[in-house]
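**Student:** got a sequence here, can you build the structure:
(2 chains)
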Amino acid sequence: MLYRTSGQFKTTYESDQALFPVKQDALLLGVILLAAYVVFPLTASEFTFKALLVPVLIYSLAAMGLNILTGYAGQLSLGTAGFMGVGAYACYKLTTIFPEMNVVVALALSGFFSAAVGVAFGLPSLRIKGFYLAIATLASQFFLVWLFEKWAWLYNYNASGAIEVRTMEFFGIVITGPTATPVTQYYFVLAVVTIIAFAMINLTRGRYGRMWKAVRDMDIAAELVGINLMRAKLTAFAVSSYVVGIAGALLVFFWKGAAEPNLFDIPLSFQILFIAIIGGLGSIIGNFLGAILLVALPVILNVLPDTLGLTINSATMEHVNDMIVGALIITFLIVEPHGLARFWALIREKLIIWPYPH
Amino acid sequence: MTKLSKIGALVAAGGLALGIGVTSVAAETMYTPNMSYRTGPFAATGIPLMNGQRDYVNMLNARDGGVGGVMVDFEECETGYNTNKGVECYEKTKANAIVTQPWSTGITLQVLPRTNVDRIPILAPGYGFSPMSDGNTFAWAFNPPVSYWDGASMIMNFISDGDMNSLKGQKIALLHLDHPFGKEPLPLLEQYAEEYDFELVPIPVGLKEMQNQSAQWLQIRRERPDWVVMWGWGAMNAGALTEAVKTRFPMDKFVGVWWSGSDDDLIPLGEKAKGYKSISWNVPGDYPVIDAIKEHVVDAGNSMVEEPADMDKVFYQRGVVMSMFLVEGIKAAQEHFDVGAVNAEQLRWGLENLNITDELLEELGMAGMTAPFQTSCSNHTGHGGAWMLEWDGEKFVKASDLLKPDRASIEPLEKEKAAEYAENNAPWPGRDGLPCE
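**Tutor:** Below is the predicted model:
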């Protein structure tokens, strides 16, 4: 009833191919955007920004980058964290070598560095597939973290071996460093994520998206119909690493403020991969749902006993938390093996025909 | 699930999140959260220290009704040594906390710039990074009683028997964790190597190789160093000690920093590790304060120690000393400002005016447990000094007189690195108009 599509006639091809052929979808997105842009900033506390909203957005973006590669183009990658690191270190070097450079420009450029590294490590994908490719990308993961540790030029010979973010302004507003207010940083991250998400939705619906999906579903068939495999795979690596690199730069510059090389180690890669898988491979919305489940939920569970006035030892709560989140992941995957995005799609299908399923 | 309830769930999740963040604290307590790690890969070394910290404060609460009549709420926020959790804990606690105890170099680095803005002192006893000693740059950070550079200086002093020139031509291996913490002594040791003409061989141990150090010890066997100095943490210590025993490295030529001297790492090796040394700024032993903790906390069932014997270990007692620094800071602030419950800004003053004397230690039942020291505006560490402990096959015993760091060689380096940090994080507020009284 609420989601009734009858009466919404498509009279042109254009309207049939629109981003939101169903009015309610656009409405729902509007509500979410309204919440993200207006309601949250007005109501959220500093803790909510720093521990929930900003990390969820950044992890969603990283998962979105990985989803382009793994979900759309079918190339399994375990090197996400390494590419995030390339983005972060590139942004750090750019802002220290050219202190006058606008941080937005530095951010946009740093994506190109990770894209280049991604393409370089994507070359083996022309020969190897599946699990074997995963091992090859794993090598990039180890190599890059090793490089971040050993190449002192990358962290400007800092004695502690970490990169630190100085205060930077964007047209007079402080957006990085300790004096930046969480709400400014949130808006900035939100704007970046919105723009990239919009670009990715369109990209995956367009020529390249179709190319990637064809390669994913059966690369020999794709080749036979005239798709250049090399081009398809390498563009997927480039676009994916670009997005992932920007997520890495955001992670350090707009969330943590300082980072050590081992932040970009394999656990982060796995976390991003799990977000993409649980959210749903081959979808954009899934990345956000997955990040809410894997990033925000543990934080909420952690503060829940306090809010309810219970005193539970923090370490015990951490163990309980792991169990709850683990159980939820398994439950969701049993209920819907194709991830949360598919789960939502099913709900939507049901809603469209509700209350008369026949 | 309907569409509405779906949206509802989303909104509820958001709304739930919005409402959280500030835990209400009753008026007359002082909230001193500790970012503990009782889970994760470093839990084994973290737990004894955190038990000691917690028990000392709880003892004061039970015996004296808090500090100066005000109860201290020593709550833990679990990080698992994970820097992401560090952000979460810091944000969660900062509204009411009068101190931040970050418990990891990575979290310290993240939190350090924020504390200037939020005006909360950081207390990092025996960790953090050495330039924090420069109080004129790091107004809100404290790392009593000695810094890592002090530690490196004292170790070199000990192994050269007080005459650094005797090290000429010797070879000293630094087995260190390949992580900001492990790299910490390098600048000073490199300077010494040049000055006193000995050969320094840094041997890094990656975070993934902590438990399997055969490659590193092969290198040590090949290099035949006169001494091995270890900067290790967590599973790395046990790994190195086991490997040293296996390769029959002379244990009396093996010296660790204070985080590499946990009884639990050495008990399994027993006699075989006899002669291993670790520098420490607390001496284990029987102290009245430990008896008081046993009586008021452990016997009352409020402690997390598993058996009373754990209370004799170096790390547990070090935790007690750490909390003593915090409590003495609170006391100093209470006296100076003539208040009961001190706030963060007042505690900062207290920590800057710590005066740990022998008489005070005697009074606290901690005579000889740690070295006396004093902090000031320009000196946030105190540089009290430390002792060399030696493993006798069963326990650690004191093996030297009080060692003192060579401040003349460290201070210029501290100033230089502090200035460098301020520059990297420009604009750095420095003391930001805080008066020096």
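
**Student:** I'd like to know which elements the top helix by length along chain B is packed against.
**Tutor:** Counting residues, the longest helix found in chain B (DSSP state H) is helix B:314-337. With contacts taken as 3 or more Cβ pairs under 8 Å, 6 or more residues apart in numbering or on different chains; DSSP states H and E, helix B:314-337 sits against helix B:43-64, strand B:122-123, helix B:263-266, strand B:277-280, helix B:288-293, helix B:344-352, strand B:355-356. To be clear about C-beta, it is placed using only N, CA and C from the backbone, and glycine gets the same treatment.

**Student:** which one, of those, ends up nearest to chain A?
**Tutor:** helix B:43-64 (8.4 Å; Cβ to the nearest Cβ).

**Student:** ranges for the strands of the chain?
**Tutor:** The chain I'm using is chain A. With DSSP state E as the criterion, chain A has strands at A:163-164, A:168-170, A:173-176, A:258-259.

**Student:** oops, wrong one, chain B.
**Tutor:** So, for chain B - with DSSP E - the strands run B:29-31, B:71-73, B:122-123, B:141-142, B:171-177, B:199-205, B:227-231, B:254-256, B:277-280, B:355-356, B:373-374, B:387-391, B:396-398.

**Student:** quick one: low-confidence parts of chain B?
**Tutor:** Residue ranges of chain B with pLDDT under 70: B:1-27, B:437.

**Student:** typo on my end, the stretch 251-358 of chain A
**Tutor:** Applying pLDDT under 70 to the stretch 251-358 of chain A picks out residues A:358.

**Student:** contact residues of it facing chain B?
**Tutor:** Residues of the stretch 251-358 of chain A lying close to chain B (Cβ under 8 Å from any Cβ of the partner chain) are A:255-260, A:262-263, A:265, A:292, A:296, A:299-300, A:302-304, A:306-307, A:313-315, A:317-319, A:344, A:347-348, A:351, A:354.

**Student:** sorry, back to before: just the strands of chain B: most buried one?
**Tutor:** strand B:141-142 (a mean of 28; mean count of other Cβ atoms under 10 Å in any protein chain shown).

**Student:** partner strands of that one, parallel or antiparallel?
**Tutor:** If you go by DSSP bridges, strand B:141-142 pairs up with strand B:122-123 (parallel).

**Student:** gap between the closest residue to B:Asp310 other than its chain neighbours and B:Trp259?
**Tutor:** Distances taken as Cβ to Cβ, 6 or more residues apart in numbering or on different chains put B:Tyr316 closest to B:Asp310, at 5.7 Å, once the chain neighbours are dropped. With distances taken as Cβ to Cβ, to the nearest Å, B:Tyr316 is found 14 Å from B:Trp259.

**Student:** just B:Asp64 next, same as before
**Tutor:** In this view, B:Asp64 and B:Trp259 are 31 Å apart by Cβ to Cβ.

**Student:** these two: which has the busier surroundings?
**Tutor:** B:Trp259 (25 against 13; other Cβ atoms under 10 Å in any protein chain shown).

**Student:** so what's the residue of the stretch 201-350 of chain B found nearest chain A closest to, chain neighbours aside?
**Tutor:** Scanning the stretch 201-350 of chain B for proximity to chain A using Cβ to the nearest Cβ identifies B:Leu207 as nearest, at 5.6 Å. Leaving aside its chain neighbours, B:Leu207 sits nearest to A:Asn262 (5.6 Å; criterion: Cβ to Cβ, 6+ apart).

**Student:** same question, B:Phe74
**Tutor:** B:Val57 (4.1 Å).

**Student:** tally of neighbours for the spatially closest residue to A:Gly118 that is not a sequence neighbour?
**Tutor:** Once flanking residues are discounted, A:Gly118 sits nearest to A:Ser241: 2.5 Å by Cβ to Cβ, 6+ apart. For A:Ser241, the neighbour count with other Cβ under 10 Å is 35.

**Student:** give me the number of residues near A:Pro337?
**Tutor:** By the criterion of other Cβ under 10 Å, A:Pro337 has 10 neighbours.

**Student:** brain fart, B:Pro185
**Tutor:** Using other Cβ under 10 Å, the number of residues around B:Pro185 comes to 25.

**Student:** surely it touches B:Tyr148?
**Tutor:** Yes - B:Pro185 is within contact range of B:Tyr148, at 5.6 Å (criterion: Cβ atoms under 8 Å).

**Student:** residues shared between the contacts of these two?
**Tutor:** By Cβ atoms under 8 Å, 6 or more residues apart in numbering or on different chains, B:Pro185 and B:Tyr148 have these common neighbours: B:231, B:257.

**Student:** ok, B:Asp252 touching B:Gly275?
**Tutor:** Yes - shown here, B:Asp252 and B:Gly275 form a contact pair, counting by Cβ under 8 Å, at 3.7 Å.

**Student:** shared neighbours of these two, which are they?
**Tutor:** Both B:Asp252 and B:Gly275 lack any common contact, where contact means Cβ under 8 Å, 6+ apart.

**Student:** chain B versus A:Ala44, what's the distance?
**Tutor:** 5 Å (Cβ to the nearest Cβ, to the nearest Å).

**Student:** quick check, that residue in contact with A:Leu53.
**Tutor:** Yes - here A:Ala44 reaches A:Leu53: they are 6.4 Å apart, a contact under Cβ under 8 Å.

**Student:** more crowded one of these two?
**Tutor:** A:Leu53 (24 against 21).

**Student:** next, count neighbours for the closest residue to the more buried one other than its chain neighbours.
**Tutor:** Spatial nearest neighbour of A:Leu53, excluding adjacent residues (Cβ to Cβ, 6+ apart): A:Tyr186 at 5.6 Å. Using other Cβ under 10 Å, A:Tyr186 has 23 neighbouring residues.

**Student:** and what of the one 10 residues further on?
**Tutor:** Number of residues near A:Ile196 (other Cβ under 10 Å) recorded here: 20.

**Student:** rewinding a little: just the buried residues of the residues of the stretch 251-358 of chain A next to chain B.
**Tutor:** Applying a neighbour-count criterion of 16 or more other Cβ atoms under 10 Å in any protein chain shown, the buried members of those are A:255-260, A:262-263, A:265, A:292, A:296, A:299-300, A:302-303, A:306, A:313-315, A:317-318, A:344, A:347-348, A:351.
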